[in-house]
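>>> kindly generate the corresponding structure for this input.
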Amino acid sequence: MSSNAKHDGFDLVQQRRRNALAAVRHLRRADQRLGQLITHIGPHTPIITRDPFIALIGSIVQQQVSMSAATAIYKRLKGLCPRNRLTSRSILALDEDALRGVGLSRQKSAYVRNIASAFASRTLNAAKLRRMSDEEVIDATTCIKGVGRWTAEMLLIFCLERPDVWPVDDLGLKKAVRNFMNWDELPAAGSMNELAEPWRPYRTYATWYLWRGLEGPLMPGVAL
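Numbering: from 1, shown residues only. Model (predicted):
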């Protein structure tokens, strides 16, 4: 790795840290209960996938299967690609039988190829996506058959690192909000939006902490 690449990587880590500190300060001021959850969970440490193509393929693989199954499928898919590098052209070089052979359903095989076609044709690429607003990213990616709004929102959160994404259709987030608020039922989108309004412009960070709050012992007032 070149010294410039190392320096850029260090700068990125530092910027992430500064962004997270600013977000946490805002969320603590905006909501004392959320501040308690943040204290309990600790530092903001999401797993980021920098390549939008890889992130989208990963989201498709993970849909409706366990994480262990998704990891195995993804590993087998990479193994079919030259030098284990998942690229749009390496995916397009695989026929449906090969994709089905790694554990993808017929539908997911088609979706993976649709994403690969969009990137191979440069209809989408990392540079274009990083220049777009959040809603532009959602519009551009959901034009691909198989990519829904949830998948686009995961791209915004775990790849493009946008700070104010609030995925109200995510079942895990609905459960987390229900537990956080001690509500009896899963919340509707309107209730979730009302709750999160004071958390702008850092709702992505609130989302991550609420997701993490579903794991392990939680602060008082947040039921398992």
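>>> from the chain's centroid, how far away is stretch 193-201?
On the basis of C-alpha atoms, centre = their mean, to the nearest Å, stretch 193-201 sits 19 Å off its chain's mean C-alpha point.
>>> and it, which residues are buried?
Within stretch 193-201, the residues scored as buried using 16 or more other C-beta atoms under 10 Å are L195, A196, W199. Every C-beta, even on glycine, is put in place using the N, C-alpha and C of the backbone.
>>> and that stretch, how far apart are its ends?
Length of stretch 193-201, first residue to last, C-alpha to C-alpha, to the nearest Å: 13 Å.
>>> pull the residues that contact it.
26-27, 30-31, 34, 163-164, 166, 168, 177, 181, 187, 203, 206 (C-beta atoms under 8 Å, 6 or more residues apart in numbering).
>>> mind doing that once more with 6 Å?
By C-beta atoms under 6 Å, 6 or more residues apart in numbering, the residues outside stretch 193-201 that reach it are L27, A30, D164, W166, R203, A206.
>>> nearest the middle, which residue of this structure would you pick?
M154 (2.8 Å; C-alpha atoms, centre = their mean).
>>> outline the domain layout of this structure.
20-46+163-224, 52-158 (automatic domain parsing).
>>> return the distance of the longest one from the chain's centre.
Chain-centre distance of domain 52-158: 13 Å, with C-alpha atoms, centre = their mean.
>>> I'd like the distance between the spatially closest residue to D169 that is not a sequence neighbour and I41.
If the residues on either side of it in the chain are set aside, D169 comes closest to W150, at 5.7 Å by C-beta to C-beta, 6 or more residues apart in numbering. Per C-beta to C-beta, to the nearest Å, W150 is found 23 Å from I41.
>>> distance check, the residue nearest to D169 against Q62.
From W150 to Q62 the distance is 11 Å (C-beta to C-beta).
>>> try P52
15 Å.
>>> what do you get for I73?
Relative to Q62, and taking C-beta to C-beta, I73 is found at 9 Å.
>>> can you check L12 too?
Relative to Q62, and taking C-beta to C-beta, L12 is found at 25 Å.
>>> then L129?
Taking C-beta to C-beta, one finds L129 at 19 Å from Q62.
>>> who has more neighbours, those two?
For L129 versus Q62, neighbours defined as other C-beta atoms under 10 Å are more numerous around L129 (20 against 17).
>>> looking at the nearest residue to the more buried one once chain neighbours are set aside now. What's its pLDDT?
Residue nearest to L129 in three dimensions, not counting chain neighbours: P52, with 5.1 Å by C-beta to C-beta, 6+ apart. On the pLDDT scale, P52 is placed at 97.
>>> thought P52 was touching C159?
Yes: between P52 and C159 there is a contact under C-beta atoms under 6 Å: 5.3 Å.
>>> just checking, what packs against the helix or strand of the chain with the lowest mean pLDDT?
Of all helical and strand segments in the chain, the minimum by mean pLDDT, DSSP states H and E falls on helix 3-30, at a mean of 84. Secondary-structure packing of helix 3-30 (3 or more C-beta pairs under 6 Å, 6 or more residues apart in numbering; DSSP states H and E): helix 32-41.
>>> returning to that earlier point: check the domains of the chain for me: which has the lowest mean pLDDT.
Looking at the domains of the chain, the bottom one is domain 20-46+163-224 with a mean of 89.
>>> run the chain-centre distance for that one.
On C-alpha atoms, centre = their mean, the centre of domain 20-46+163-224 falls 15 Å from that of its chain.
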